[in-house]
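What would the 3D arrangement of this be:
(one chain, ligands or ions: 1)
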Amino acid sequence: MQVPAAFEYARATSVGQTLQLLAEYGEDARVIAGGHSLIPMMKLRLARPTALIDINDVAELSYIRVEGSQLRIGALTRHAELLASPLVEEHYRIFADAEKVIADPLVRNRGTVGGSLCQADPAEDLSAAFAAVDASVVIQGAGGARTVPLTEFHVGPYETVVEAGELLTEIQVPIRPGGGSAYLKVERRVGDWAVAAAGAALWISGGTVQAAGIGLAAVGAAHFRAAEAQEFVVGKPATEETFAEAGRIAAEHTNPVADQRGPVDYKRHLAGELTTRALRAAAARAQGLEA
Ligand SMILES: Cc1cc2nc3c(=O)[nH]c(=O)nc-3n(C[C@H](O)[C@H](O)[C@H](O)COP(=O)(O)OP(=O)(O)OC[C@H]3O[C@@H](n4cnc5c(N)ncnc54)[C@H](O)[C@@H]3O)c2cc1C
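Sure thing, here's the model as predicted:
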């Protein structure tokens, strides 16, 4: 049986205390939230933190609310809470679509939104969904808080701009009325990580796309975004031709790796097809054509 290397353990009850404990235990201390990614990595000795700072009792990090024109999601919000939230469903259906295909209820009951983003797995579904809706994250450290656009948050596979001693506290999503959004994923079996996945958010007026966001997971898209395809669709008619061309552009700019989930060409093909379908579904929702 695999067991992690020895570590110290402390349980925090507030953001302030978490930051204090992180400083106290030093740069090799790690925050633990749901533990669904960190514990397996510790068992495999791919991570060897000297101390774990448990944030599961930090209630102030668990919320979903609308403030002004922003949807605000606390970092400790569980996948299951995001999936069940009427507020999230009202503004961005992309999250319910994504959450339904993330792992299984056991993982969703415990895994957190902040943990998912900080894990920065290249196949992470929420990173692609948040990229599609132009989210930002709030990171707190001893020197105060900073807000970072999601497009600057991931610096590589399993790497983010969160530094030792810092804590991701909130995800902020701008609310723009009248849009539609959707997320689609191809997986080898139910609950598996994506072979490829795409999310889209669209705002349409008079049959023309006014604003758009497209996120991609598991296909090596920079910052989980199909930036070129996103730029292409804005100002174009919301038609099948536009969405097909956007899919082609998105596929062209992916950089997938071959692995047990499939070869490069297959993943690139999926990236294009899923982008087209996600745009189609988002457009139907934006135009009230789909329940
Ligand atoms: C069987 C299985 C299947 C899965 N399938 C999928 C899937 O299909 N799609 C998908 O997207 N995900 C999937 N996941 C991952 C799942 O979404 C986890 O919830 C997620 O990876 C990590 O969340 P966590 O809260 O468990 O984080 P943890 O494991 O506790 O932490 C992960 C990392 O984030 C850091 N961290 C956590 N919270 C913070 C914070 N607030 N501030 C700073 N750092 C923080 C930790 O130090 C650690 O480095 C799967 C996981 C499992 C176990």
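
Report the secondary structure state of residue 139.
Three-state assignment for residue 139 (DSSP: H, G, I helix; E, B strand; the rest coil): strand.

which residues does it contact?
If you count contacts by CB atoms under 8 Å, 6 or more residues apart in numbering, residue 139 has them with 145-148, 161-162, 166-169. For the C-beta atoms, the positions are set from N, CA and C on the backbone; glycine is no exception.

Which of those fall within strands?
Residues of these located in strands (DSSP state E): 145-148, 167-169.

Averaged pLDDT, the helix ranked longest in the chain. What do you get?
Scanning the chain for the helix with the most residues, using DSSP state H, yields helix 264-286. On average, the pLDDT along helix 264-286 is 98.

shift numbering so it begins at 2
Taking 2 as the first residue, the last one we looked at is helix 265-287.

what about dumping the CA coordinates of the helix or strand where residue 81 lies to PDB?
Under DSSP states H and E, the secondary-structure element containing residue 81 is helix 80-85. As requested, the backbone C-alpha atoms of helix 80-85 are provided in PDB (Å, rounded to 0.1, in the frame of the first residue of the first chain):
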ATOM      1  CA  HIS A  80     -18.200  20.800  -7.000                       C
ATOM      2  CA  ALA A  81     -21.600  19.500  -5.800                       C
ATOM      3  CA  GLU A  82     -22.600  23.000  -4.500                       C
ATOM      4  CA  LEU A  83     -21.700  24.600  -7.800                       C
ATOM      5  CA  LEU A  84     -23.800  21.900  -9.600                       C
ATOM      6  CA  ALA A  85     -26.800  22.500  -7.400                       C
END
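
on contacts alone, who are the packing partners of it?
Here helix 80-85 touches helix 95-101, helix 106-111, helix 114-120, going by 3 or more CB pairs under 8 Å, 6 or more residues apart in numbering; DSSP states H and E.

can you give me how far stretch 96-111 is from the chain middle?
The chain centre lies 12 Å from the centre of stretch 96-111; the measure is CA atoms, centre = their mean, to the nearest Å.

try stretch 262-281
With CA atoms, centre = their mean, you get 18 Å for stretch 262-281.

Name the residues of that stretch that are buried.
By neighbour count on 16 or more other CB atoms under 10 Å, the buried set for stretch 262-281 is 262-263, 268-281.

what's that stretch in contact with?
183-187, 189, 194-201, 203, 213, 215, 217, 219-220, 222, 227, 230, 234, 241, 243-245, 247-249, 251-252, 255, 257-259.

near the ligand too, which of these?
Among these, the ones lying near the ligand by CB under 6 Å from any ligand atom are residue 194.

hmm, back to that, among the buried residues of stretch 262-281, which two are most distant?
Maximum pairwise distance in the buried residues of stretch 262-281, criterion CB to CB, is 24.3 Å, between 262 and 281.

gap between residue 138 and the ligand?
Here residue 138 is placed at a distance of 9 Å from the ligand (CB to the nearest ligand atom, to the nearest Å).

Spit out the contact partners of that residue.
118, 148-149, 151, 154, 169, 171-173.

and it, what pLDDT?
pLDDT, residue 138: 98.

what's the distance between it and residue 289?
31 Å (CB to CB, to the nearest Å).

now residue 245
23 Å.

Of the two, give the one with the bigger neighbour count.
residue 245 (16 against 9; other CB atoms under 10 Å).

Excluding residues flanking it in the chain, which one is nearest that one?
Nearest residue to residue 245, sequence neighbours excluded (CB to CB, 6 or more residues apart in numbering): residue 277, at 5.4 Å.

Nearest spatial neighbour of residue 13, chain-adjacent residues omitted?
Nearest to residue 13 is residue 19, by CB to CB, 6+ apart, at 4.1 Å.

On the three-state scheme, that neighbour is what?
Residue 19 - assigned by three-state DSSP - is helix.
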